[in-house]
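Below is the sequence, then the predicted model.
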Amino acid sequence: MTSRAARALLVAEDETGIVGTVQLVLDQPENQPHRADISKMLVHRSARRRGIGAALMRAAEDEARRSGKSLLVLDTASGDAERLYARLGWTLAGIIPDYALWPRGGLCSTSVYYRKLA
């Protein structure tokens, strides 16, 4: 029997402790074994604009390649980290209006991105 990781959790740390995380969902349906999802990329407010988000995303892409994945997808609240994803070569597939709720209430649109891995 072969064991396969369902999810990878990557962590960024500095002298204060954990400042960022990203999850890579590797386990996909049978007809999508080539794909993985980026989930829950978070960087602490105090650590933003230091390249941590970009480093986490590159590390997730590297892990996906090591796991044999050739396509990554993610969704994010529209207007949230979209500059980062575009700068890293992700492609906007579309925007879904009223997709999710903000933590303090109200609906927000979600932007869906993909990235083909070389």
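On my side now, so go ahead. Model, not experiment: these values are computed from the prediction.

Now do the helices in this protein.
Taking DSSP state H to define them, one finds helices in the chain at 52-66, 82-87.

Need the contact partners of the helix or strand bottoming out on mean pLDDT in the chain.
In the chain, no helix or strand scores lower on mean pLDDT, DSSP states H and E than helix 82-87, which sits at a mean of 92. Identification of contacts with helix 82-87 by Cβ atoms under 8 Å, 6 or more residues apart in numbering yields Gly53, Ala54, Met57, Leu74, Thr76, Leu92, Ser111, Tyr113. Using the backbone N, CA and C atoms, a C-beta is placed for each residue, glycine as well.

sorry, back to before: for Leu10, find the nearest of the helices of the chain.
helix 52-66 (5.1 Å; Cβ to Cβ).

and that closest one, what does it pack onto?
If contacts are counted by 3 or more Cβ pairs under 8 Å, 6 or more residues apart in numbering; DSSP states H and E, helix 52-66 sits against strand 7-14, strand 17-25, strand 35-43, strand 71-77, helix 82-87.

what's the angle from that helix to strand 17-25?
Computed with axes from the mean of the first three to the mean of the last three Cα atoms, to 10 degrees, the direction of helix 52-66 lies at 40 degrees from that of strand 17-25.
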